[in-house]
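Participant: Okay, here's the prediction I keep looking at, along with the sequence it came from:
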Amino acid sequence: MTQRPTDLDVDSDPDVEADHDPEAKPSGSGGVWAWLHDSHPTVAALVGFYIGLAYAILVPGTWGALLAWVAGPERAEQLFPWVALTLLVPLALLIPRKTRRLAQFIWLGIILTVLVVVGVGALVFWILLKTG
């Protein structure tokens, strides 16, 4: 009967031992940022969420500003819905296994940011209607 290695049995898997050797020097010129290469689950979650947050705010704003600058305000209003095509980037990140976890948190950041902005906007609008 063979014994299967468990998740806690580090000695049985040489790859795990090589990846998490406390004596090992950081590979490449990582230095301070070498911890990013450890693929810690918290890093992917935080980075993905904040990328999604920035993506939901900066991409439509930049797209609208560039369109208004290049094409004028009237034409920018007509072309603005094309910003939805930029959502293909985080959608494409869901396909490869290596980037799937990051992409899930990017989508979480995008969706939560949009929900918060719409919710706060609706609340402010409601308060203005009730007090005015």
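Facilitator: The structure has been received and is ready for your questions. Numbering: from 1, shown residues only.

Participant: Now do the lengthiest helix in the chain: which elements does it pack against?
Facilitator: Determined from DSSP state H, the single longest helix within the chain is helix 97-131. Packed against helix 97-131, as judged by 3 or more C-beta pairs under 8 Å, 6 or more residues apart in numbering; DSSP states H and E, are the following elements: helix 41-71, helix 88-93. Backbone N, C-alpha and C define where each C-beta goes, glycine included.

Participant: Out of these, flag the one nearest residue 121.
Facilitator: When the helices and strands packed on helix 97-131 are ranked by proximity to residue 121, the top entry is helix 41-71, at 13.6 Å, counting by C-beta to C-beta.

Participant: With mean pLDDT and mean neighbour count added, can I get the helices and strands packed on helix 97-131 in JSON lines?
Facilitator: Written out in JSON lines, the entries for these read as follows (pLDDT from 0 to 100; neighbours: other C-beta atoms under 10 Å):
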{"stretch": "helix 41-71", "mean pLDDT": "92", "mean neighbour count": "15"}
{"stretch": "helix 88-93", "mean pLDDT": "94", "mean neighbour count": "14"}
